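Enquirer: Next comes the sequence, and after it the predicted model I'd like to discuss.
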Amino acid sequence: MVTAIFPAAGQSRRMKSSTNKNFLELDGQPILIHTLLKFSKSDKIDNLIIAAAVDEVEFVKKMLKNVTGLKPFEIVVGGSERQYSIANALKVLPGDTEIILVHDAARPLIGIETIDTVVEAAKIYGGVIAAMPEKNTIKVVDSDDFVVNTPPRSKLVSVQTPQGFQRDILLRAYKQAELDNFLGTDDASLVERLGVKVKIVRSDYSNIKITTPEDILIAQILLRGN
């Protein structure tokens with residue numbers, strides 16, 4: 001069984017909106033619903049878990065109540081950090097879950113092919129990340145903003161989600177992070193600390209994360225293009 005977790009409790013500061021960005025409409029429908037429906041269309045996904053802010057849980061329940069086409073889902077209270085939200089979701093993981101996917105709720109343009117590829121790759125490698133080759137030149141700078149070096153672009157990827165893991169690996173990674181009081185930037189960073197090699201699988205450049213008002217416009221264009 002495959003369970004997909006969606007952290008959706010962020011404060012959306014960069015969106016410059018008083019509304020959670022996951023509730024903003026994209027082509028007439030909340031971003032969150034776009035994302036959940038996309039995963040629900042994958043034959044490889046069995047369950048959905050949404051982590052919502054404590055004061056938005058009831059709102060999300062009402063939002064999803066009459067949405068047709070959703071896979072079985074559960075809503076949990078999210079935490080002050082993304083990592084804490086996912087940790088709460090892991091506590092209600094169905095007992096027969098073998099593969100866990102974690103996906104940004106604000107990435108509604110994810111392709112079903114990418115979802116399926118991540119699931120299958122996680123079964124083989126234990127931990128995988130959807131990513132694309134970095135198109136920009138990246139500079140490493142010091143504390144005074146002077147360039148230290150320029151990593152070769154061929155060695156760089158732009159990380160996306162979903163990230164997929166075998167159940168025992170992700171649970172061990174979260175347990176160790178809790179013991180060490182470690183806060184990572186993504187789930188893979190927690191898994192990497194265990195010494196587990198994480199595999200990159202190709203995604204799509206249109207799998208953008210909606211973070212700023214400009215991203216809404218870009219997503220609208222991409223959605224209509226599809």
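Expert: Yep, that arrived.

Enquirer: what's the burial count for the nearest residue in space to Val147 that is not next to it in sequence?
Expert: Among residues not flanking Val147 along the chain, Lys139 sits closest, at 5.0 Å (C-beta to C-beta, 6 or more residues apart in numbering). Quick note: C-beta positions are derived from backbone N, CA and C, even for glycine. Residues lying near Lys139 (other C-beta atoms under 10 Å) number 12.

Enquirer: Who are the contact partners of Lys139?
Expert: Contacts for Lys139 (C-beta atoms under 8 Å, 6 or more residues apart in numbering) come out as 147-150.

Enquirer: Let's see that with 10 Å instead.
Expert: Lys139 makes contact with 145-151 under the criterion C-beta atoms under 10 Å, 6 or more residues apart in numbering.

Enquirer: what's the answer for Ala53, then?
Expert: By C-beta under 10 Å, 6+ apart, the contact list for Ala53 reads 8-11, 20, 22, 59-60, 77-80, 85.

Enquirer: how does it look with 7 Å?
Expert: By C-beta atoms under 7 Å, 6 or more residues apart in numbering, Ala53 lies in contact with 9, 78.

Enquirer: Could you do Leu37 as well?
Expert: Taking C-beta under 7 Å, 6+ apart, we find Leu37 in contact with 69-70.

Enquirer: Centre of the chain to whatever helix or strand it lives in, how far?
Expert: According to DSSP states H and E, Leu37 maps onto helix 31-40. On the basis of C-alpha atoms, centre = their mean, to the nearest Å, helix 31-40 sits 12 Å off its chain's mean C-alpha point.

Enquirer: Next, Val54: phi, psi?
Expert: Note on Val54: its backbone torsions stand at phi -60, psi -40 [degrees, to the nearest 10].

Enquirer: how close does the residue nearest to Val147 get to Gly69?
Expert: To Gly69, Lys139 is 45 Å away according to C-beta to C-beta, to the nearest Å.

Enquirer: Quick one: name whatever helix or strand follows the strand ranked longest in the chain.
Expert: Identified as the longest strand of the chain according to DSSP state E is strand 157-166. Moving toward the C-terminus from strand 157-166, the next helix or strand (DSSP H and E) is helix 167-180.

Enquirer: Can you give me the buried ones in the next helix or strand after that following helix?
Expert: Next along the chain after helix 167-180, taking DSSP H and E as the criterion, comes helix 187-192. Neighbour-count burial for helix 187-192 flags 187-191 (criterion: 16 or more other C-beta atoms under 10 Å).

Enquirer: got it, and stretch 138-158?
Expert: Val157.

Enquirer: Next: stretch 43-58.
Expert: Using 16+ other C-beta under 10 Å as the burial criterion, the residues of stretch 43-58 that qualify are 44-53, 56-57.

Enquirer: Ala177 reaches Leu190, doesn't it?
Expert: Yes: under the criterion of C-beta atoms under 7 Å, Ala177 makes contact with Leu190 at 4.9 Å.

Enquirer: what do those two both touch?
Expert: With C-beta under 7 Å, 6+ apart, Ala177 and Leu190 have common neighbours Gly184.

Enquirer: Show the average pLDDT along stretch 196-205.
Expert: Averaged across stretch 196-205, the pLDDT comes to 96.

Enquirer: Leu170 and Gln220: what is the separation?
Expert: 33 Å.

Enquirer: and the buried residues of stretch 43-58, which of them are in helices?
Expert: Those of the buried residues of stretch 43-58 mapping onto helices are Val57, per DSSP state H.
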